[in-house]
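Chemist: fold the following and give me the result.
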Amino acid sequence: MSPSVGGAGVPRPSRQAPRPSRPPRLLVVAYHFPPAEAVGARRPAALARAAVAAGWEVRVLCAGGPDATVDGLAPADVVRVRSWRLPSGRLGGGAAAVGLPVSGSAWPPGRGRLAPARIAAPVRAVAREILHLPDPEAGWIVPAVRAGRALCHRWSPDVVVASGPPFSVLLVAALLARRLGVPWVADYRDLWTVGNEYWGHGRSRIRRFLDHRLERRMLHTVARCVTVSEPLARTLRETFGVPADVVMNGVDGRPRPTGPTTSLVAPDVDPSSLVLVHTGLLYPGRRDPTPLLRAVALLGDDRRRVRVVLAGPETAAAHEAAARCGVPDVVSVVGQVSAVDSWQLQAAADVLVLLMWDDPRDAGTVPGKLFDYLLARRPILMVGHPDGVAADLIRSRGAGVVLGDPVAIAARLRDWLALKERTGRIEALPENVMDGLFREDQMRGYLDLLATVAGRERAPATADVVARS
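Modeler: Below you'll find the predicted structure:
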């Protein structure tokens, strides 16, 4: 069983200083790290900031990028390692990228012309299966291990934390911890081979077997796993037999970045319109705007007073959903936006839309975007399964509604339309909606857990991660 939790699901084991003679030392291994704007950079950065503030010595091993000071970490404390370039498997040059003929005489001779796309597709699949093990960032593993060993010649950590995805970081941390004889902790922002998203990438049966075996062998040496919700922690315990604790993500209370912004909502939108905003990724069939857009279509003439803004890279999927539901006239697809523009959109919205998979298997998923939405203090319309950690948090905080049926969503939209027509606005959520949910609240418990791990446990010195995988 996991240790007792306090507050909003934060583990609270008793503190035991790893080495009283000097400050405890933490090595964070994370592919994404500021100044990168990737959502995956936020959690390891928050842990590093909290550890520095609590008196830990912290070093970070991350992907290459510009040097930057990160709240108490000097540029020299952050080792940025560039990946070896591996073929992407996308083959932007088509069949010619691998030396296959694309025009002229038929190939093979006498069999007629073979379309380049038919050649490229299996080549892409083979490249992905062989080269991208465990993921497309596999080219980072060897350079990162080398850089980590060089770092630890002059500075040795008491505990190593690897935050993924990408899950190449787990292998880097396991190898470094084995060499140093120190414990390591696997921080799962999402699950890997037993996670919902893993099965959506068309991997072969052999590749699934290899991935799962590699994960199991790596976790054989782990001191502890940490993840963002109890259902995910339970999955790790039951599948791999490892101790797993919960440290939620949280609201980032630091000032939002400032900079030039753009007008992302169509300028002809009537101020009395109800503006619904979704920021982030779409996954057709899972994080899918279709139920929401069908609800808008049910509004009849009232739909003209609704504007749905979809901000994210999947513009084709967004346009397709709008056309399929017959509401392209009220949907603004703005594409990928910067962090500044994303937060501007959230703050300006009447209602923020959180798209989730309407399936019990998504019960443990808690998108980091949910905490951004809470910080914006706009009511949340979650479209997805009514039972789960995210749904319970929204309802228990009075932060919005959780609906899945287009008819029910349409009824709620009519209520909001009537409220805006009557009062001219949709009221902001109260400030106390975020109580106990700031990242600082979560990270205090995380450091307690790491101090306990570093003071009581050591990774087996004889474990050979590569050979056993």
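Chemist: next, the buried residues of stretch 347-365.
Modeler: Using 16 or more other Cβ atoms under 10 Å as the test for burial, stretch 347-365 gives 349-358, 362-365. Heads up, the C-betas are built off the backbone N, CA and C, glycines and all.
Chemist: out of the residues you listed, which is nearest to Pro291?
Modeler: Asp358 (7.8 Å; Cβ to Cβ).
Chemist: which SS class is the closest one?
Modeler: Following DSSP: H, G, I helix; E, B strand; the rest coil, we place Asp358 in the coil state.
Chemist: got the contact list for it?
Modeler: Pro291, Val383, Gly384, His385, Gly404 (Cβ atoms under 8 Å, 6 or more residues apart in numbering).
Chemist: okay, now the unreliable bits of the stretch 101-250 of the chain?
Modeler: 101-129, 199-203 (pLDDT under 70).
Chemist: quick one, strands of the stretch 201-350 of the chain?
Modeler: 224-227, 244-246, 274-279, 306-311, 331-333 (DSSP state E, counting those that start in this stretch).
Chemist: likewise for the stretch 351-469 of the chain?
Modeler: 351-355, 380-383, 400-403.
Chemist: of all those, which one comes closest to Asp135?
Modeler: Per Cβ to Cβ, nearest to Asp135 of those: strand 351-355, 24.1 Å.
Chemist: the closest one pairs with which strands, parallel or anti?
Modeler: strand 274-279 (parallel), strand 380-383 (parallel) (DSSP bridges).
Chemist: make a markdown table from the ones you listed and add mean pLDDT to it.
Modeler: Shown next, in a markdown table, are the strands paired with strand 351-355 (pLDDT from 0 to 100):
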| stretch | mean pLDDT |
| --- | --- |
| strand 274-279 | 95 |
| strand 380-383 | 97 |
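Chemist: distance to Ala316 for the ones you listed - can I get that in CSV?
Modeler: As requested, those are exported to CSV (distance: least, Cβ to Cβ, whole Å):
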stretch, distance to Ala316
strand 274-279, 16
strand 380-383, 20
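Chemist: looking at these, which is closest to His32?
Modeler: strand 274-279 (17.8 Å).
Chemist: ok, and what's touching that closest one?
Modeler: By Cβ under 8 Å, 6+ apart, strand 274-279 touches 265, 269, 289, 292, 305-312, 337, 342, 345-346, 348-355, 369, 372, 381, 413, 416-417, 420, 426.
Chemist: among those, name the buried ones.
Modeler: Buried among those by 16+ other Cβ under 10 Å: 265, 289, 292, 305-312, 337, 342, 345-346, 349-355, 369, 372, 381, 413, 416-417, 420, 426.
Chemist: can you pull out the strands in the stretch 1-150 of the chain?
Modeler: In the stretch 1-150 of the chain, the strands defined using DSSP E, counting those that start in this stretch lie at 5-6, 10-11, 25-30, 57-63, 78-81.
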